[in-house]
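In: Generate coordinates for the sequence data below:
(one chain, ligands or ions: 1)
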Amino acid sequence: MAHLKRESKTVLVRPLTLRDFAAWREGELGKLPRQSIWDSEPLQKSKLSKKRFEAIIAKQRAFRKDDRYHIFGVFEKATGHHIGYVSAMNVVRSVTQSAFLGYNIHNSHWRKGYAKEALRLFFDIAFTELKLHRLEAGIEPKNGPSIQVVKSLNLRKEGLKKRAVFLREKWQDLVIYSVTCEELGYSFRGNPRKGN
Ligand SMILES: CC(C)(COP(=O)(O)OP(=O)(O)OC[C@H]1O[C@@H](n2cnc3c(N)ncnc32)[C@H](O)[C@@H]1OP(=O)(O)O)[C@@H](O)C(=O)NCCC(=O)NCCS
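Out: Next up, the predicted model:
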């Protein structure tokens, strides 16, 4: 899987493997209490078992194999700590060749430029190795930090999708920010005449 790995001075992006158990556990244990409604809930200590981690890795591998959902761990270069995820969700091939962009950084590492750096690396993987043409971020309009991330990466605002996702017992709107490979200087490598 070496082709699915990218690194910069500060972060490394690659799929998690079974060897990452200790880094994953340490990362989860280092999280602060939940900071906002968009922050992920820290896993309870009892849920940080090797068995559970193996199940997570198996699921991630199966999704990757199906070309449905490609999720990558983000690691801090200086410490080797696992500090979050970036992903291409809901991959659609055929004439669309797009995916939704996912990202989260452990709250103990916010505001260090890690999301921005990890996404820059991820764009390279998505437009070369995954051969996608378009990535779309769907963000709840009040999620200011996430909007700042896509703005600082110069994604294009495309509009508001009304009642797009069912979260917290309600249909929520999403503001869509997108990027296509050409905008970042990549030639499209996929085949829109093939696939689901
Ligand atoms: C959104 C999130 C990924 C940002 O991660 P991060 O590593 O702190 O972001 P970065 O440090 O790379 O910051 C990138 C840009 O956003 C800005 N930013 C980040 N958090 C901010 C905040 N709370 N308030 C204002 N600006 C913020 C930074 O200043 C930076 O802008 P700049 O490049 O113009 O200086 C993180 O807050 C998170 O995981 N949130 C919960 C999950 C989530 O909302 N995911 C997105 C779902 S759509």
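In: show me the contacts for Arg163.
Out: Contacts for Arg163 (CB atoms under 8 Å, 6 or more residues apart in numbering) come out as 171-173. (Each C-beta comes from the backbone N, C-alpha and C, glycine too.)
In: ok, so of those residues, who is nearest Arg34?
Out: Arg34 lies nearest to Gln172 out of those, by CB to CB, at 18.0 Å.
In: now that closest one: how far from Asn143?
Out: Distance from Gln172 to Asn143, counting by CB to CB, to the nearest Å: 10 Å.
In: And Glu41, by the same measure?
Out: Glu41 is 16 Å from Asn143, by CB to CB.
In: Same drill for those two, tell me which one is more crowded.
Out: Neighbour comparison, Glu41 and Asn143: the larger count goes to Asn143, with 15 against 8 (by other CB atoms under 10 Å).
In: check contacts around that one.
Out: Residues in contact with Asn143 (CB under 8 Å, 6+ apart) are 36, 38.
In: What of the one 10 residues further on?
Out: Contact partners of Leu153, counting by CB under 8 Å, 6+ apart, are 116, 119-120, 179.
In: By neighbours, which of those residues wins?
Out: Leu119 (24 neighbours).
In: quick check: longest helix of this protein.
Out: For the chain, the helix with the greatest residue count under DSSP state H is helix 50-65.
In: May I see the buried residues of that one?
Out: Residues of helix 50-65 classed as buried: 53, 57, 60, 63-64 (neighbour count, 16 or more other CB atoms under 10 Å).
In: can you redo these as a markdown table with pLDDT and distance to Arg134?
Out: Output for the buried residues of helix 50-65, formatted as a markdown table (pLDDT from 0 to 100; distance: CB to CB, whole Å):
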| residue | pLDDT | distance to Arg134 |
| --- | --- | --- |
| Phe53 | 97 | 32 |
| Ile57 | 98 | 28 |
| Gln60 | 97 | 23 |
| Phe63 | 97 | 19 |
| Arg64 | 97 | 19 |
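In: Now do the contacts for the spatially closest residue to Glu54 that is not a sequence neighbour.
Out: In space, and not counting its chain neighbours, Glu54 is closest to Leu18: 6.6 Å by CB to CB, 6 or more residues apart in numbering. With contact taken as CB under 8 Å, 6+ apart, Leu18 is in contact with 53-54, 57.
In: Looking at strand pairing, list the partners for the spatially most central residue of the chain.
Out: Centroid-nearest residue in the chain, with CA atoms, centre = their mean: Val86, separated by 1.9 Å. In this entry, Val86 is beta-bridged to Phe72, Tyr103, by DSSP bridges.
In: Contacts only, for it.
Out: By CB under 8 Å, 6+ apart, the residues touching Val86 are 13, 71-72, 74, 101-103, 118-119, 122.
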